[in-house]
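Asks: got a predicted structure here, sequence first:
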Amino acid sequence: MSLLIIDQEKCKQDGLCAADCPMGIIRFEGKGSYPEILSEGESMCIRCGHCVAICPHGALDHTDVPLASCSAIDKALAISPTQTEQFLRSRRSVRQFTNKPVERTTLQRLIEISRYAPTASNTQLVEWLVINDPQRLHAVAGQVIDWMRSLLQDPKSTVMPYYPALVKAWEDGVDSVLRSAPCLVVAMAPAPAPVRMIDLTLALSYLELAAPQYGLGTCWAGLLQGAMLANPSLKQEVGIPEDYPFHFPLMIGYSKVHYYRLPERKMPKIHWR
C-alpha cells in the first residue's frame, strides 16, 4: 500500500505537493496525471506532512500523517504583526513562583503543543521529564549548592563570581538555584547527532512561549544544567538517562508577579551581503 492516497475527484493536478516535498519523492508529470510516490520514496519519506498541508483541496492523504488528523488553518485565529511583536516581546523569565501546584493536565497540554516545534529531518526525538514535586526539587537545588561549595573549596577550580552569593543565600533560606519553583520540565534527546540540542531548545522555546497563556511563568535553569554537565551523578539524580547527552531544564510555575512594560533591547547587528 502506497503512503500517498490521492482522491482523484478532488485533485486539481496542480503539482503543489510534488513541488513542496522536501525529499523530492513525489512524482508529478503534469496535467492528465496524478501525483505518486517514487518506488524508493517510502524509505526516504520523513513524514513531515507538507504534502497534506499544502493541498488546498484536501485531495491528498498520507497513511502516517492522516488528513483527518491535520486540522485546517483557521484564518480567524491569525494574529497581526503588532500582536506578534507584543506577544514575543512580553516574554519574561519568571523567578518568583507561588506555592500553587501545576496541574498535570496543563503540563501535558503544554508538552503536546511543544511537539510541533521543528526537529532536524522531522525525527521528533525530543523526550520530556517532568518533576512535579517541590520537595524533590529542593533536594536537587541543595545538591547544586553542594557542588558549588566543592568548587569554592578547591583553589584550582574556576568558579563564577556569583557562586559565593548563591551559597550564602541558600544558607539564609533562599533558593537561588531553582527559585523554589514547584515544577521542573526537562527536554532531552539521545545521542549521537549534536543537532538534537537545537531540537530540544526549540521545543523548550515553544513551551515557554505557550506557558503564559495558561497563567504560568518559566525560567531556564542554567545553574542546574551546568551542574549536571559537570557532575553526572546529579544528572542521574534528576532522572535523565545516561545515554541522553542532550538536555536542558526549565523551571515552571504560577507567577507571583505581573509585568506591565516591554523592556528595550540592544539594536541588532546586521551584516548585509
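Replies: The structure has been received and is ready for your questions.

Asks: look up how far Gln108 lies from Leu39.
Replies: Check again: residue 39 is Ser, not Leu. 40 Å (Cβ to Cβ, to the nearest Å). To be clear about C-beta, it is placed using only N, CA and C from the backbone, and glycine gets the same treatment.

Asks: please apply the same query to Thr123.
Replies: Taking Cβ to Cβ, one finds Thr123 at 22 Å from Gln108.

Asks: doesn't Ala169 belong to a helix?
Replies: Yes - counting by DSSP: H, G, I helix; E, B strand; the rest coil, Ala169 is part of a helix.

Asks: quick check: closest non-adjacent residue to it.
Replies: Ser176 (4.7 Å; Cβ to Cβ, 6 or more residues apart in numbering).

Asks: then Lys235?
Replies: Lys235 sits nearest to Met228 (Cβ to Cβ, 6+ apart), 4.2 Å away.

Asks: residue contacts, the one you found?
Replies: 234-235, 238, 240, 247, 249 (Cβ atoms under 8 Å, 6 or more residues apart in numbering).

Asks: which of those lies closest to Ile6?
Replies: Of all these, His247 has the smallest distance to Ile6: 42.0 Å, by Cβ to Cβ.

Asks: regarding Met251, what is its secondary structure?
Replies: Following three-state DSSP, the label given to Met251 is strand.

Asks: one more: the one 3 residues further on?
Replies: Under three-state DSSP, Tyr254 falls in the strand class.

Asks: what about the residue nearest to Lys235, which SS state?
Replies: helix.

Asks: could you number the chain from 653 rather than 1 from now on?
Replies: With 653 as the first residue, the last one maps to Met880.

Asks: buried ones in stretch 762-770?
Replies: For stretch 762-770, burial by neighbour count (16 or more other Cβ atoms under 10 Å) applies to 762-763, 765-766, 769.

Asks: how about stretch 885-896: buried residues?
Replies: In terms of neighbour count (16+ other Cβ under 10 Å), stretch 885-896 has its buried residues at 886-887, 890, 892, 896.

Asks: so which of the residues you listed comes closest to Tyr912?
Replies: Once Cβ to Cβ is applied, the member of the buried residues of stretch 885-896 that ends up nearest Tyr912 is Val890, at 35.1 Å.

Asks: give me the distance between that closest one and Pro733.
Replies: From Val890 to Pro733 the distance is 40 Å (Cβ to Cβ).

Asks: for the stretch 653-802 of the chain, what are the low-confidence residue spans?
Replies: Within the stretch 653-802 of the chain, the ranges that satisfy pLDDT under 70 run 653.

Asks: and the end-to-end length of stretch 713-730?
Replies: 25 Å (Cα to Cα, to the nearest Å).

Asks: again with stretch 732-748
Replies: First-to-last residue span, stretch 732-748, Cα to Cα: 31 Å.

Asks: which parts of it are buried?
Replies: 743-744, 746-747.

Asks: do stretch 796-815 as well
Replies: 796-797, 799-800, 803, 815.

Asks: so which residues make contact with it?
Replies: 816, 818-819, 822, 829-830, 875-876, 879, 882-883, 886.

Asks: I am finished for the moment; much appreciated.
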